[in-house]
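> no letters, just coordinates:
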DNA sequence: AATTTTCATTTGTCAGACAATTAAACGTCT
DNA sequence: AGACGTTTAATTGTCTGACAAATGAAAATT
């Protein structure tokens, strides 16, 4: 863990990497206290500000947490899903907004994921998940709903669908895809006709999940995926125009 | 972008957040140069080391890159898939190694994702992807292969399968799941019998993809998922023992 | 005009200092 | 002896000032 070549240019990055590797390979177990900044500075033969910059890098990745005071210091953090969510969403949002990936690609990935969840959700869904899905589908049918509220309800519906699969890894990966797409989804104007179609599909999906029929759920999700792509098409064209 | 309450405890974190938000919401476009550290220090009314710690946090997330020299400075980074890969893998590895998620959960998510790819892969696979899959399946049937080499080939096979879907978002999400599971997969001792079974399934999957038959590919993937879980069961029990 | 030199700007690092926080050690009182 | 308040030491968070290294632009020279 004391690797430091004679290249005095990326010291803080090198130190961060050394500590990160030690954490990943298990040399530093969860809740282990790292040496104090002064001690680290001695070990790596650098100054304290340099050590601090390295620690901040790790803190940004939620790899460590720091605490002030006599028994304080930097501790290896047990990475929580909550933390991972945030990073995933930030990353996905940027990948999408910087045009590194297209809306169509993100949309395809999102629905592929949701369809992957469908059989699991059908098997494991609880009354809670079902109730949420039905409640959101009903809300979406209310007239006078703003586009944003409709969108938010849509997200809630799909979140319930995915959470019903009872697999936090899938929930976590979906979170990134869905959240990142929110800004663009909000740009879509949902006509009464399109809303009606979406609500119908949502209801069919909920029914399939209730009946524990994964195949039917998959089918309706597939239809919904196609329809969403269709609706988004207009927005994408509009966006491209503004850009060019 | 100049939000700074009178709480002088998390200054670098607050500054990092302010800049991060500015990047995400588009106020700071890609390749835009941030003010110099000295200027930022003036704007936020903090010292330069504090600004630097904030910038290091952003650098750790690949949100900015820095360059020395007269025309240097910190620039908003165009987030590359490559960067996102690395972060995703680090995060996934830690979530798994810190027991925040079980192997079974990760495995389920991984195969659910692969099955989501199957129809797309069947539709879009190129000769290259097919050749890779067949080559790896063949390699896996060679006697005298070490468990590690078998595992590596297994990863290559699945990577080709996923990449064939032509959706970088799915490839990216799978990368995290697969890489994170590597250490545990490497602990599995593959008997000649189990290898044979896996190779058979791989061949069937490749055949299905070649025939552009998504349903068949899904079926064989499902069988492979079940078998992998079965094989892993022993390793998990072993691991639990060592722990308890 | 081309090349070299100088220079200003900016990041990377260092040294030393002080404030804020926190828990443990200590002392005091009941 | 035990409970409670005080001191103290350790540690992070921040500041000030400084120098080194890199780098492109401007100036000087050929």
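Perfect, thanks for sending it. Just so we're clear, the structure is a prediction, and the values are computed from it rather than from any experiment. Numbers count the residues shown, from 1 in each chain, chains lettered A, B, ... in the order given.
> domain map for chain A?
Listed by automatic domain parsing, the domain ranges of chain A are A:11-76, A:82-243.
> pick out the shakiest of those, pLDDT-wise.
Between the domains of chain A, the lowest average pLDDT goes to domain A:82-243, which shows a mean of 89.
> columns distance to residue B:42 on top of the domains of chain A, output as CSV?
Placement of C-beta: from N, CA and C, glycine included. Output for those, formatted as CSV (distance: least, CB to CB, whole Å):
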stretch, distance to residue B:42
domain A:11-76, 19
domain A:82-243, 27
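> which of those domains sits closest to DNA strand C?
Evaluated with CB to the nearest atom of the strand, the domains of chain A place domain A:11-76 nearest to DNA strand C, the distance being 2.2 Å.
> quick one: end-to-end distance for the closest one.
With CA to CA, to the nearest Å applied, domain A:11-76 spans 21 Å between its terminal residues.
> is that domain in proximity to DNA strand D?
Yes. With CB under 7 Å from any atom of the strand as the criterion, DNA strand D is reached by domain A:11-76 at A:34, A:36-38, A:48-49, A:52, A:55, A:66-74.
> for PyMOL, what selects the buried ones among those?
Only the buried entries of the residues of domain A:11-76 next to DNA strand D go into this PyMOL selection, using 16 or more other CB atoms under 10 Å in any protein chain shown:
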select buried, chain A and resi 34+37+52+55+66+73+74
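> now, the residues of domain A:11-76 next to DNA strand D that are in strands?
Judged by DSSP state E, those include A:66, A:67, A:73, A:74 as members of strands.
> tell me the two of the residues you listed that are most distant?
Within these, two members stand farthest from each other by CB to CB: A:67 and A:74, at 8.1 Å.
> report all helices and strands that the lengthiest helix in chain A contacts.
Assignment by DSSP state H gives helix A:214-243 as the longest helix of chain A. Helices and strands touching helix A:214-243, by 3 or more CB pairs under 8 Å, 6 or more residues apart in numbering or on different chains; DSSP states H and E, are helix A:103-124, helix A:168-185, helix A:192-210.
> now for those, which one comes closest to DNA strand D?
Of all the helices and strands packed on helix A:214-243, it is helix A:168-185 that lies closest to DNA strand D, at 27.2 Å by CB to the nearest atom of the strand.
> buried sites along the closest one?
Applying 16+ other CB under 10 Å to helix A:168-185 flags A:168-182, A:184-185 as buried.
> chain center to that helix: distance?
In this view, helix A:168-185 has its centroid 5 Å away from the chain centroid, taken as CA atoms, centre = their mean, to the nearest Å.
> just stretch A:222-238 next, same as before
That offset, for stretch A:222-238, works out to 21 Å (CA atoms, centre = their mean).
> who's in contact with that stretch?
Identification of contacts with stretch A:222-238 by CB atoms under 8 Å, 6 or more residues apart in numbering or on different chains yields A:102-104, A:107-108, A:111, A:114-115, A:184-185, A:187-188, A:190, A:194, A:197-198, A:201-202, A:205.
> how far away is the most centrally placed residue in chain A from residue A:95?
Nearest to the geometric centre of chain A sits residue A:176, at 2.4 Å (CA atoms, centre = their mean). From residue A:176 over to residue A:95 the distance is 9 Å, taken as CB to CB, to the nearest Å.
> contacts with DNA strand C among the residues of domain A:11-76 next to DNA strand D, please.
Among those, the ones lying near DNA strand C by CB under 7 Å from any atom of the strand are A:48, A:49, A:67, A:68, A:69, A:70, A:71, A:72.
> looking at these, which is nearest chain B?
When those are ranked by distance to chain B (CB to the nearest CB), residue A:49 comes first, at 5.4 Å.
> that closest one against residue B:49, yeah?
Yes. Between residue A:49 and residue B:49 there is a contact under CB atoms under 8 Å: 5.4 Å.
> about what we covered before: what residues of the longest helix of chain A count as buried?
The neighbour-count check on helix A:214-243 (16+ other CB under 10 Å) flags A:214, A:216-222, A:224-225, A:228, A:231-232, A:235-236 as buried.
> repeat for stretch A:147-167
For stretch A:147-167, by 16+ other CB under 10 Å, it's A:150-167.
> so does stretch A:55-73 get close to chain B?
Yes. Using CB under 8 Å from any CB of the partner chain, stretch A:55-73 reaches chain B at A:56, A:57, A:58, A:59, A:60, A:61, A:63.
> now swap in stretch A:17-30 and tell me
Yes. Contact of stretch A:17-30 with chain B (CB under 8 Å from any CB) involves A:20, A:23, A:24, A:26, A:30.
> in which helix or strand does the fourth one reside?
In the assignment (DSSP states H and E), residue A:26 maps to no helix and no strand.
> quick one: residues contacting it.
The neighbourhood of residue A:26, defined by CB under 8 Å, 6+ apart, consists of residue B:97.
> now do residue A:186
A:147, A:148, A:151.
> list just the nearest of those residues to DNA strand D.
Once CB to the nearest atom of the strand is applied, the member of the contacts of residue A:186 that ends up nearest DNA strand D is residue A:148, at 35.9 Å.
> find the residue closest to that closest one in space, skipping its chain neighbours.
Nearest residue to residue A:148 in three dimensions, chain neighbours excluded: residue A:186, at 5.9 Å (CB to CB, 6 or more residues apart in numbering or on different chains).
> what residues does chain A put near DNA strand D?
Near DNA strand D, when you scan chain A using CB under 7 Å from any atom of the strand, you find A:8-9, A:34, A:36-38, A:48-49, A:52, A:55, A:66-74.
> ok, back up a step: most neighbours out of the residues of stretch A:17-30 next to chain B, which is it?
Ranked by neighbour count (other CB atoms under 10 Å in any protein chain shown), the residues of stretch A:17-30 next to chain B have residue A:23 at the top, with 25 neighbours.
> which element is it on?
helix A:11-24.
> and that helix, what does it pack onto?
helix A:37-44, helix A:48-60, helix B:48-60, helix B:81-97.
> can you pull the contacts of residue A:89?
Applying CB under 8 Å, 6+ apart to residue A:89 gives the contacts A:175, A:176, A:179, A:180.
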